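Undergrad: coords below, sequence missing:
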């Protein structure tokens, strides 16, 4: 069975790991709180938005290529799933005094590295279908989101902008 071809606006979702800083309970109190630094996991809810084919469209939407990029949906970085306090699975890093963060304490827990952009994983794209020599993205291809953070990304693109053009590989 073939896979649908990805077009502009198709959803990209998954989980990223980011460096974070904030305040947490001090295991050697007083004072009751101390600096927390480490990592946390964050939901990535975005869509394919840029560097799309300028030559080929499906149902009026530009086709996504292995050179395409995704962006977080509006509001995700400001107060959504990619907002400092909304993380999970926090792990203290070297030098962190606090063992667990207190996401709502002053100052709020904050992501300290790059967020937002995703690029197709090196294994993404059709082995058969290309446009201008670039592989076309297919439903279920992996996207390395928040590229440049140095952390493992685990996001996937879901074709939903069209339902009739597919590729067998």
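TA: On my side now, so go ahead. Computed from a predicted structure; not experimentally measured. Residues are numbered from 1 along each chain as shown.
Undergrad: Spell out the secondary structure type for the residue lying closest to residue 87 once chain neighbours are set aside.
TA: Computed as CB to CB, 6 or more residues apart in numbering, the closest residue to residue 87 that is not its neighbour in sequence is residue 40, at 3.2 Å. Just so you know, the C-beta spots here come from the backbone N, C-alpha and C atoms, and that holds for glycine as well. Under DSSP: H, G, I helix; E, B strand; the rest coil, the three-state class of residue 40 is strand.
Undergrad: Could you report the separation of the residue nearest to residue 166 when sequence neighbours are not counted from residue 126?
TA: Using CB to CB, 6+ apart and skipping the chain neighbours, the partner closest in space to residue 166 is residue 2 (3.4 Å). Residue 2 is 10 Å from residue 126, where distance means CB to CB, to the nearest Å.
Undergrad: so residue 51 sits right up against residue 69, yeah?
TA: Yes - if you go by CB atoms under 8 Å, residue 51 and residue 69 touch, sitting 5.2 Å apart.
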